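Visitor: no sequence on this one, just coordinates:
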Ligand code: G3P
Ligand code: CA
């Protein structure tokens, strides 16, 4: 199996993160998958933005979960973009793109489950077209309870051991460790236990070469052109 090229927040190294233009660029640069961050806004829609506030990437201020979709849509994202909904991202990347939805905001498990169920029931998707990841134990646990069919990935910044424990607890299909945590034996052990290994965020050529040599299943990168 070729290593899956996963564009981090689209092609963050080239175009403003988590914008439709960034996701489209990731695909033109060779990504076969994208990673994105979701929050539920005040009116319930899933919106694609990394931070819990709009302050860093837009001309507005405030917490994403307290703003309505109309308020979020009135903001300008750096570079002249707007904050996309999750539906708009799927319209942009099309059906052949594997999507890693990171549940960044709180209370996202239920709406993400509803979203995926709708795409499976109405739009010809299968559960295998998605992987849903999170650093947050509560969202992972909720998703595993609400809809065990949704493939889960466990994000970790600091501990493969903890990711492993959560993966077992929530029946995950993949570990998503920071790339610096990986060793040959940890990758092998994870894969022998049936987990995919998708490290992030691997940008420098020497780091890309190292994780490739470790035999990971995919690489989450700001530069899909470097994979
Ligand atoms: O999903 C991998 C990576 O995106 C996790 O960290 O902070 O970029 O969302 P962050
Ligand atoms: Ca992310």
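Guide: Perfect, thanks for sending it. In this text the structure is predicted, and so the values were computed from the model without any measurement. Ligands and ions are numbered 1, 2, ... in the order given.

Visitor: Wondering if the longest strand along the chain reaches ligand 1 at all.
Guide: For the chain, the longest strand by residue count, based on DSSP state E, is strand 33-40. Yes - Strand 33-40 is in contact with ligand 1 by CB under 6 Å from any ligand atom, via 35, 37. Yep, even glycine has a C-beta here, placed from its N, CA and C like the rest.

Visitor: Other residues contacting the helix or strand following that strand?
Guide: Using DSSP states H and E, the next helix or strand after strand 33-40 towards the C-terminus is strand 46-48. If you take CB atoms under 8 Å, 6 or more residues apart in numbering as the criterion, strand 46-48 is touched by 18, 36-41, 64, 69, 72, 83-89, 108, 111-112, 115.

Visitor: Intersect those residues with the contacts of ligand 2.
Guide: Among these, the ones lying near ligand 2 by CB under 5 Å from the ion are residue 37.

Visitor: If any of the contacts of strand 46-48 are buried, give me the PyMOL selection for them.
Guide: To isolate the buried subset of the contacts of strand 46-48 in PyMOL, counting by 16 or more other CB atoms under 10 Å, use the following:
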select buried, resi 18+36+37+38+39+40+41+64+69+72+83+84+85+86+89+108+111+112+115
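
Visitor: List the ones among the contacts of strand 46-48 that fall in strands.
Guide: Counting by DSSP E, the contacts of strand 46-48 contribute 36, 37, 38, 39, 40 to strands.

Visitor: if I pick the first one, what's in contact with it?
Guide: Applying CB under 8 Å, 6+ apart, one finds that residue 36 lies in contact with 9, 10, 18, 23, 48, 86, 89, 99, 100, 101, 102.

Visitor: On the strand side of things, show who it bridges to.
Guide: Per DSSP bridges, the residues bridged to residue 36 are residue 101.

Visitor: Can we start the residue count at 537 from this point?
Guide: Happy to do that; since the first residue is 537 now, the last one works out to residue 572.
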